[in-house]
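Trainee: Test case, fold it:
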Amino acid sequence: MSNEQVNTITVDDKEYNVEDLSQECLEYLQHVQSLQTKLTEAEFNTKQLRVALTAFLTMFKNSLPQENNNDAD
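Mentor: Residues are numbered from 1 along each chain as shown. From the prediction side, this is the model:
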């Protein structure tokens with residue numbers, strides 16, 4: 001009995017043995033995996049940028065000159 005682990009991927013509910021895929025297919029798979037990672041990182045970065053933007057906008061508003069409501073009658 002062998003403890004060999006079969007490396008598979010599932011696409012559209014169908015399982016594929018990675019070892020059976022062509023070189024071309026493996027290259028496409030690498031692109032897909034790379035793009036998924038980049039999208040996840042981009043979403044993370046977008047959240048950070050939104051928080052930073054909100055913080056700087058708040059600091060900007062707080063630094064604006066205050067209106068003086070002591071108008072002469």
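
Trainee: Give me the pLDDT for the residue nearest the centre of the chain.
Mentor: The centroid of the chain falls nearest to Thr40 when counting by C-alpha atoms, centre = their mean (2.3 Å). On the pLDDT scale, Thr40 is placed at 98.

Trainee: list the contacts for it?
Mentor: Listed by C-beta atoms under 8 Å, 6 or more residues apart in numbering, the contact set of Thr40 is empty. C-betas here are computed from N, CA, C, even on glycine.

Trainee: can you tell me which helix or strand it belongs to?
Mentor: Per DSSP states H and E, Thr40 falls inside helix 23-63.

Trainee: can you give me the offset of that helix from its chain's centre?
Mentor: Centroid separation between helix 23-63 and its chain, computed with C-alpha atoms, centre = their mean, to the nearest Å, is 4 Å.

Trainee: And for stretch 9-17?
Mentor: Using C-alpha atoms, centre = their mean, the offset of stretch 9-17 from its chain centre is 24 Å.

Trainee: Could I have the CA atoms of that stretch written out in PDB?
Mentor: Taking C-alpha atoms only, stretch 9-17 is exported to PDB below (Å, rounded to 0.1, in the frame of the first residue of the first chain):
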ATOM      1  CA  ILE A   9      -7.800  20.300  -9.000                       C
ATOM      2  CA  THR A  10     -11.500  20.800  -9.400                       C
ATOM      3  CA  VAL A  11     -12.900  22.900 -12.300                       C
ATOM      4  CA  ASP A  12     -16.600  23.200 -12.800                       C
ATOM      5  CA  ASP A  13     -17.300  20.400 -10.400                       C
ATOM      6  CA  LYS A  14     -15.000  18.000 -12.300                       C
ATOM      7  CA  GLU A  15     -11.700  16.700 -10.700                       C
ATOM      8  CA  TYR A  16      -8.500  16.500 -12.700                       C
ATOM      9  CA  ASN A  17      -5.200  14.900 -11.900                       C
END
